[in-house]
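Participant: how would this look folded up:
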Amino acid sequence: MDWVLSLCCGATRKKYVVALLGLEEDQRHVLKHSVSNYKEDKSLRPFSEDTCIANGMELIFQSLDDNADLYEIRGIHMGLSAAVVFAVDADNKTSVEKCITLIGEDATKTKDVIVVLCKSNIYGNESVQELKRTCDEISHGKIEFILYEESRSFLGVHKGINWICNRLEE
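Facilitator: Modelled structure (predicted):
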């Protein structure tokens, strides 16, 4: 990947594009906990970019529309990204169904750095088990599944970001 000069501190950082998928409210949840000074009223559709600085890297989150009509465009963006993050709320059936559909897309199956950030406040939620099974079936162990409660969102999201950074450093 390209090295970029960071003007703010005069240091060089690796810069990576990360595709962020899921329902818009789930994407906003991840961005709120990962991007400094994130503006929650910013439009994410059909496409937006937000930068997260982590572990000496610049991760550029590209929030992509989950609309089925944009399947080919989403595939192109995912093909060019270094990693993919799926944002899902396991307590919301629509969110779970959308995540399962997106994980099943061909563009996802070719990626090596994939994280599912799964928020759930219901202990023993069956949707969580369904998501884990789907991830295991499709990815053969390539997907990092991170489950967290709403009250620990910051820690859960950053655990996923750190996992991505570690994988990209390999």
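Participant: average pLDDT across the longest helix belonging to the chain?
Facilitator: As assigned by DSSP state H, the longest helix anywhere in the chain is helix 153-169. Regarding helix 153-169, the rounded mean pLDDT is 93.
Participant: Kindly report the same for stretch 95-102.
Facilitator: 88.
Participant: need the longest strand for the protein.
Facilitator: Scanning the chain for the strand with the most residues, using DSSP state E, yields strand 11-21.
Participant: can you pull the buried residues of it?
Facilitator: By 16 or more other CB atoms under 10 Å, the buried positions in strand 11-21 come out as 13-21. Where you see a C-beta, it was placed from the backbone N, CA and C, and this is true even at glycine.
Participant: Where does the prediction get shaky in this structure?
Facilitator: For the chain, residues meeting the criterion pLDDT under 70 lie at 1-11, 66-77, 139-141.
Participant: what about Leu147, how many neighbours?
Facilitator: Around Leu147 there are 17 other residues, counting by other CB atoms under 10 Å.
Participant: tell me what the longest helix of the chain is packed against?
Facilitator: Applying 3 or more CB pairs under 8 Å, 6 or more residues apart in numbering; DSSP states H and E, we find helix 153-169 packed against strand 11-21, strand 47-54, strand 57-64, strand 83-89, strand 114-119, strand 143-148.
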